[in-house]
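Undergrad: With the input below, show me the fold.
(one chain, ligands or ions: 1)
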Amino acid sequence: MPDLPFSPADLLRLDREHVWHPYGPMPGRTEPLLVESASGVRLRLARPAFGRTELIDGMSSWWSAIHGYNHPVLNEAAREQLGRMSHVMFGGLTHEPGVRLAAKLVEITPEPLRHVFLCDSGSVSVEVAVKMCLQHWRSVGRPAKQRLLTWRGGYHGDTWQPMSVCDPEGGMHELWQGLLPRQLFVPEPPVAYEETYAQLLRDTIARHADELAAVIVEPVVQGAGGMRFHAPEYLRVLREACDAHDVLLVFDEIATGFGRTGTLFAAGQASVSPDVMCLGKALTGGYLTMAATLCTAGVAEGISRGEVPVLAHGPTFMANPLAAAVACASIDVLLSQDWQAEVKRLEAGLREGLAPAGELPGVREVRVLGGIGVVQLDHEVSMAAATEAAVREGVWVRPFRDLVYVMPPYVTGDEDLERVARGVCAAARAG
Ligand SMILES: *Cc1c(COP(=O)(O)O)cnc(C)c1O
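TA: Coordinates of the predicted model:
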């Protein structure tokens, strides 16, 4: 292929012919927007779409770009690390960015989490979390404890173990029936605290304690499984029941971590700490792919007691120094500002801006928590119509199922936030 610059039309043709997109058919049936660059909260398009060349990103690139794009501090951290090395293997070698990041994560996460496994993506961090739990019980002589319990409506990633704990009605379970590990499910957690549901959690954990390795949930907010919120008190119920019955508790904070719900981690809303925690998405401020699985000393000690006393997992790009350096910078940027005030500001702005959507025909509910705004329709959204309506307002959203939702970068200014809300309302009206 000649090394000439590609025109936008060339790129889109090649994209269609060769490139898979998330959850997409091959060849693609819809044309993606071609992004040329991004800065602050704006995506710049290579050619206009519905009269717009700049879009305000309401999605933070799927929860990750919390500080916006092209951030000077994150850029500098990447540049500085690039001048040293972008990667070295982590087997037998170590390096400052990886060690610093691990220490930072231990410092800012709930107290008993002590050990950190740095890996490449959220799904892999969930695989590692599950492996940790299963291996822990096998190593302490309770190999029958192999199953996972979760509530419906969850999302934990697209690789095998994570898929097995995603909402069974999301399609993937039907597709892979008989092949996915068969996990235990309880109904979706109610929005408000209900004692009957809490009792169901306790009873299910008690009844299946002999075969349960762990309970795994997204705390407070279920993200890609349906954008639902629930009472933090359920986390305490899970903690107590898990402790009472020798079951490990895993919090998947890949979406909720780093302030999105109003506390640094959603676990903080119930002052509960898990045995294992998964982090990802906003970990590197949306710059590079990296995730982390943290565990307590107890989980690690169990594994060390086994016949095979090691955690048998070691991705090629484990603890990638470039990603780790940017992650350290992103955490520093977050903690050096009054991020809680920023998230509260987003919450207030989204509440006000999305309220009109509640009056629209076809809208079932509008809900806002922290920096997350959701409009739920009473029908499947027409993705093309909703996207077009938002783009005409100069806003990027990515609706799915019956949901139009946003989680804007924390640096989104008030005027831009108003525009994001207008974009969501327009998408809800059109979709
Ligand atoms: C996105 C997400 C994952 C998967 O992360 P990837 O980096 O996409 O593999 C897992 N759990 C939750 C809660 C997520 O939001």
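Undergrad: Every contact and neighbour count from this point should use C-alpha atoms.
TA: Will do.
Undergrad: Show me which residues of the stretch 51-200 of the chain sit near the ligand.
TA: Residues of the stretch 51-200 of the chain lying close to the ligand by CA under 6 Å from any ligand atom are 121, 122, 123, 155, 156, 157.
Undergrad: Select from those every entry located in helices.
TA: Members of those lying in helices (criterion: DSSP state H): 122, 123.
Undergrad: In the residues of the stretch 51-200 of the chain next to the ligand, find the pair that's most separated.
TA: Using CA to CA, the pair of those lying farthest apart is 121 and 155, separated by 14.2 Å.
Undergrad: more crowded one of the two?
TA: Using other CA atoms under 10 Å as the criterion, residue 121 and residue 155 rank with residue 155 on top: 24 against 19.
Undergrad: In contact with that one, which residues?
TA: 162, 163, 165, 166, 167, 218, 222, 223, 224, 225 (CA atoms under 8 Å, 6 or more residues apart in numbering).
Undergrad: Can you read off the backbone torsions of it?
TA: When read as degrees, to the nearest 10, the backbone of residue 155 gives phi -140, psi 130.
Undergrad: Against residue 379, how distant is it?
TA: The spacing between residue 155 and residue 379, counted by CA to CA, to the nearest Å, is 21 Å.
Undergrad: coming back round to it: pipe the residues of the stretch 51-200 of the chain next to the ligand into CSV and attach pLDDT per row.
TA: Below are those laid out as CSV (pLDDT from 0 to 100):
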residue, pLDDT
121, 98
122, 98
123, 98
155, 96
156, 97
157, 96
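Undergrad: Out of the residues of the stretch 51-200 of the chain next to the ligand, which comes closest to residue 187?
TA: Closest approach between these and residue 187, by CA to CA: residue 155, at 14.1 Å.
Undergrad: could you say what helices and strands the helix or strand hosting residue 104 packs with?
TA: Here residue 104, judged by DSSP states H and E, is contained in helix 96-108. Packing partners of helix 96-108 (3 or more CA pairs under 8 Å, 6 or more residues apart in numbering; DSSP states H and E): strand 113-119, helix 321-335.
Undergrad: CSV for the ones you listed, including mean neighbour count and mean pLDDT?
TA: Below are those laid out as CSV (neighbours: other CA atoms under 10 Å; pLDDT from 0 to 100):
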stretch, mean neighbour count, mean pLDDT
strand 113-119, 22, 98
helix 321-335, 24, 98
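Undergrad: For the stretch 1-150 of the chain, which residues score under the pLDDT cut-off?
TA: 1-2 (pLDDT under 70).
Undergrad: Go through the contacts of residue 155 and name the one nearest residue 146.
TA: Nearest member of these to residue 146, counting by CA to CA, is residue 165, at 13.2 Å.
Undergrad: so who does that closest one touch?
TA: 148, 149, 150, 154, 155, 156, 183, 216.
Undergrad: redo that, cut-off 10 Å
TA: Under the criterion of CA atoms under 10 Å, 6 or more residues apart in numbering, the neighbours of residue 165 are 148-157, 173, 180-185, 215-217.
Undergrad: which parts of the stretch 201-350 of the chain sit against the ligand?
TA: By the rule CA under 6 Å from any ligand atom, the part of the stretch 201-350 of the chain lying against the ligand is 218, 223, 252, 253, 254, 255.
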